[in-house]
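K.L.:
Structure here, sequence nowhere to be found:
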């Protein structure tokens, strides 16, 4: 019998033999950042002792254009709405954790508040949302973060950097709205 995809788990390795393998990704499904010219070994196994035939699909996913802080997508207006996805996104070196968690794949937006007031951004479930100020990923200061939605007081003329990151391997698309 062929196993359901939910019964499968995958591990991706680099290395030349069993004694020097390095894990680069694991899960069901598994997503990792491939490097050109590197050979990857993929192990497929059954979860919880499941046995039988199985299959896998390998896809090369393009990174979102706003994957890195320096390439944040700009938002305009007092109450912008926007859509995005984190499929194919990566975790940037030095990127802050949102909500103290170990999220990985994030995408970024930049929004300058046209007026001062309380702002609500959401709903990104099952993703984490973080709001920061700063001019580089290495000097970001957290304003707020949360699971699915956040509220904060915005100051007119301040540019806020919004990050949406995965939660426990979640990936896909989402819609967000800034409201007052």
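P.N.:
Arrived safely. Computed from a predicted structure; not experimentally measured. Numbers count the residues shown, from 1 in each chain.
K.L.:
contact partners of the helix or strand of the chain with the lowest mean pLDDT?
P.N.:
Least confident helix or strand of the chain, by mean pLDDT, DSSP states H and E, is strand 173-179 with a mean of 84. In this structure, residues lying in contact with strand 173-179 by CB atoms under 8 Å, 6 or more residues apart in numbering are 75, 78-85, 87, 111, 119-124, 127, 129, 162, 164. Just so you know, the C-beta spots here come from the backbone N, C-alpha and C atoms, and that holds for glycine as well.
K.L.:
Make a ChimeraX selection of whichever of those residues turn out to be buried.
P.N.:
Selecting the buried subset of the contacts of strand 173-179 in ChimeraX, with 16 or more other CB atoms under 10 Å as the burial test, is done by:
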select :75,82,84,87,111,119,121,122,124,127,129,162,164
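K.L.:
Tell me where this structure is predicted with low confidence.
P.N.:
1-6, 99-104, 124, 168-169 (pLDDT under 70).
K.L.:
So in terms of bridging, what pairs with residue 177?
P.N.:
Beta bridges link residue 177 to residue 81, residue 122, judged by DSSP bridges.
K.L.:
Roughly how far does it sit from residue 80?
P.N.:
8 Å (CB to CB, to the nearest Å).
K.L.:
Residue 16 now?
P.N.:
Relative to residue 80, residue 16 is positioned 50 Å away (CB to CB).
K.L.:
ok, and what's touching stretch 138-153?
P.N.:
Contacts of stretch 138-153 (CB under 8 Å, 6+ apart): 69, 94, 96, 98-99, 116-134, 160-161, 167.
K.L.:
Give the closest residue to the spatially most central residue of the chain in space, chain neighbours not counted.
P.N.:
Nearest to the mean C-alpha position of the chain, by CA atoms, centre = their mean, lies residue 105 at 2.4 Å. The shortest distance from residue 105 to any non-neighbouring residue, by CB to CB, 6 or more residues apart in numbering, is to residue 89 (3.9 Å).
K.L.:
dump the residue contacts of the one you found.
P.N.:
So residue 89 contacts 63, 64, 67, 105, 106, 107, 166, 171 (CB under 8 Å, 6+ apart).
K.L.:
what's the answer for residue 15, then?
P.N.:
21, 22, 41 are the contacts of residue 15 under CB under 8 Å, 6+ apart.
K.L.:
could you redo the last one with a cut-off of 10 Å?
P.N.:
21, 22, 23, 24, 39, 40, 41 (CB atoms under 10 Å, 6 or more residues apart in numbering).
K.L.:
which one of the residues you listed is nearest residue 9?
P.N.:
Checking the contacts of residue 15 against residue 9 with CB to CB, the nearest one is residue 23 at 12.5 Å.
K.L.:
For that closest one, which residues are in contact?
P.N.:
Counted by CB under 10 Å, 6+ apart, residue 23 has contacts 11, 12, 13, 14, 15, 32, 43.
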